[in-house]
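>>> A predicted structure for the sequence below; I have some questions about it.
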Amino acid sequence: MSTVFQVVKWSDCLPELKPLFAFLWKDVAVDQDRFVAKCEESKYKALEDMGALCLTTMRIEGKLVGFYCSLILPNPHYEGQGKMVYTDMYFVLPVMRRANLGLKLFAFRNEFAELRRA
């Protein structure tokens, strides 16, 4: 079974991400009777266009089974100190939560952030 980690464009992957958002919402959303699973796609697109959005995907046999979405921006608390990584959301399908795949996803994302010096 081949596992591939990649950094991809949000806009290219959005159709595949949408079903996973619903699973993520069911896993972590508090007050599900008050909040709906709906992301503001235009804001994510604007962040992508700014170069601030980093989407790391995990695929097994070509199928998207997990992702890690982060923002890479300067921290206003530390003016002039460079960019920092902020976690937005991450998810791994429950059936794939084995063999440290989630840890491998995080490790790959961290390596990419280091390359970007964030």
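That came through, no problem.
>>> next SSE after whichever strand or helix holds residue 57?
Secondary structure from DSSP states H and E places residue 57 in strand 53-60. Later in the chain than strand 53-60, the nearest helix or strand by DSSP H and E is strand 63-74.
>>> Pull whatever helix or strand comes next after that next one out as CSV, backbone CA atoms only.
Sequence-wise, the next helix or strand downstream of strand 63-74 (DSSP H and E) is strand 83-92. Backbone C-alpha positions of strand 83-92 (Å, rounded to 0.1, in the frame of the first residue of the first chain) are rendered in CSV as follows:
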residue,chain,number,x,y,z
LYS,A,83,6.9,33.7,9.6
MET,A,84,5.3,31.2,11.9
VAL,A,85,3.0,28.2,11.2
TYR,A,86,-0.6,28.3,12.6
THR,A,87,-2.6,25.1,12.5
ASP,A,88,-6.0,25.6,10.9
MET,A,89,-7.4,22.1,10.7
TYR,A,90,-6.3,18.5,10.2
PHE,A,91,-8.0,15.2,9.6
VAL,A,92,-7.3,11.6,8.9
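>>> mind checking the longest helix of the protein?
Among the segments of the chain that qualify as a helix by DSSP state H, the longest is helix 10-28.
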